[in-house]
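J.: this one's structure only:
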């Protein structure tokens, strides 16, 4: 019998458990659509992925200008949710082996949701030593800020470094807690103080990295915009001058991505009628030079092409991606099959 896509609330997110999962997809949608009812707006895409054997985690995010904080919230969700996947799967008599390997977790983002994935990937390469971390952040802020405002820049550097150190320390604790909870659900004996002394890497049993290094990701129409994309430009200028604007700024985000230079398991899909994500997509292709062409697709449609709902035997698309009504077969040939192929190709690349 075909499994049904049913979302259940877990922590602050929504989970659809597959009975026999081959992997887990953590999905972050765009502004508004990714915050309010993503299981409705992205229903057709999510159903396709579920039918192809993936457990789906929907990660709604809050509207905020501080994307550092929100990215931290999203990675904390992985540690909250993973043990619950195992518990829920065991109760339902579903397979749960893939949940024991964080490399089987993938990320798919749309629009601004891609920025959070990019930040988490970049965080994966942050230096662990405080001095080296400060040097990296100082270099990024220096390159992207007004050099005449040294006091403001120094405050920004210290604030970013402090927040990242707090996040990394917290994630170490979250990983340890999640590891012990997983072992409890599996019926293992809890680790003792002496176990940890004998094996300092014991918390890496299920989570190899505190961030997302080694996990594949696909960016759908990625957007890296500033404060002026959320509020009128005249107001955005005031907000930015007061230091209340988007953090990190688009320039800082690009600099962070380049400085950490990971993104080796990345897929990118752009759309030919999409002017919203054009500059960000062009930057990945022409400046960052990643991903390789084998992991890129340039498809028909507008910025909202990933959205869609199936009604009866037809798929209803958003107006920027005509036709508004089409068959599932045609819709799949325009987007979903490319996502599936990218997931398979990236998984093969990960295993090399």
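T.: It's in. All values reported here derive from a predicted model rather than from experimental measurement.
J.: for stretch 203-220, buried residues please.
T.: By neighbour count with 16 or more other C-beta atoms under 10 Å, stretch 203-220 contains the buried residues 203, 205-207, 209-220. Where C-beta positions appear, they are placed from N, C-alpha and C, glycine not excepted.
J.: tell me the one of those nearest residue 114?
T.: Closest approach to residue 114 among the buried residues of stretch 203-220 (C-beta to C-beta): residue 219, at 4.1 Å.
J.: and the nearest residue in space to that closest one that is not next to it in sequence, helix, strand or coil?
T.: In this structure, residue 219 finds its nearest non-sequential neighbour in residue 114, 4.1 Å apart by C-beta to C-beta, 6 or more residues apart in numbering. Using DSSP: H, G, I helix; E, B strand; the rest coil, the structure places residue 114 in helix.
J.: around residue 114, count how many other residues there are.
T.: Here the count is done by other C-beta atoms under 10 Å, and residue 114 has 27 residues near it.
J.: which element is residue 9 on?
T.: Using DSSP states H and E, residue 9 sits within strand 8-10.
J.: against which helices or strands is the helix or strand just after that strand packed?
T.: Sequence order places strand 13-16 as the next helix or strand after strand 8-10, per DSSP H and E. Secondary-structure packing of strand 13-16 (3 or more C-beta pairs under 8 Å, 6 or more residues apart in numbering; DSSP states H and E): strand 8-10, strand 54-58, helix 67-92.
J.: direction included, what does strand 13-16 pair up with?
T.: Strand pairing for strand 13-16, using DSSP bridges, gives strand 8-10 (antiparallel), strand 54-58 (antiparallel).
J.: can these go into TSV with extra columns for mean neighbour count?
T.: Below are the strands paired with strand 13-16 laid out as TSV (neighbours: other C-beta atoms under 10 Å):
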stretch	mean neighbour count
strand 8-10	13
strand 54-58	24
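J.: returning to what we had before: now do the strand holding residue 9: distance to the chain's middle.
T.: In terms of C-alpha atoms, centre = their mean, to the nearest Å, the centre of strand 8-10 is found 18 Å from the chain centre.
J.: so which residues of the stretch 201-350 of the chain form helices?
T.: Residue ranges of the helices in the stretch 201-350 of the chain, as given by DSSP state H, counting those that start in this stretch, are 233-241, 250-260, 278-282, 328-331, 337-351.
J.: from those, which stretch is densest packed?
T.: Most buried of the helices of the stretch 201-350 of the chain, by mean neighbour count (mean count of other C-beta atoms under 10 Å): helix 250-260, with a mean of 19.
J.: for that one, packing partners?
T.: Applying 3+ C-beta pairs under 8 Å, 6+ apart, one finds that helix 250-260 contacts helix 113-123, helix 130-144.
J.: so which elements touch the first one?
T.: Yep, that's helix 113-123 we're talking about. With contacts defined as 3+ C-beta pairs under 8 Å, 6+ apart, helix 113-123 has these neighbours: strand 23-28, helix 67-92, strand 105-110, strand 217-220, helix 250-260.
J.: adding mean pLDDT and distance to residue 322, write these out as a markdown table.
T.: Listed next are the helices and strands packed on helix 113-123 as a markdown table, based on pLDDT from 0 to 100; distance: least, C-beta to C-beta, whole Å:
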| stretch | mean pLDDT | distance to residue 322 |
| --- | --- | --- |
| strand 23-28 | 98 | 25 |
| helix 67-92 | 95 | 32 |
| strand 105-110 | 98 | 19 |
| strand 217-220 | 99 | 18 |
| helix 250-260 | 94 | 30 |
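J.: mind putting the ones you listed in CSV, distance to residue 314 included?
T.: Output for the helices and strands packed on helix 113-123, formatted as CSV (distance: least, C-beta to C-beta, whole Å):
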stretch, distance to residue 314
strand 23-28, 23
helix 67-92, 32
strand 105-110, 22
strand 217-220, 22
helix 250-260, 38
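J.: coming back round to it: out of the helices of the stretch 201-350 of the chain, flag the one nearest residue 107.
T.: Per C-beta to C-beta, nearest to residue 107 of the helices of the stretch 201-350 of the chain: helix 337-351, 10.5 Å.
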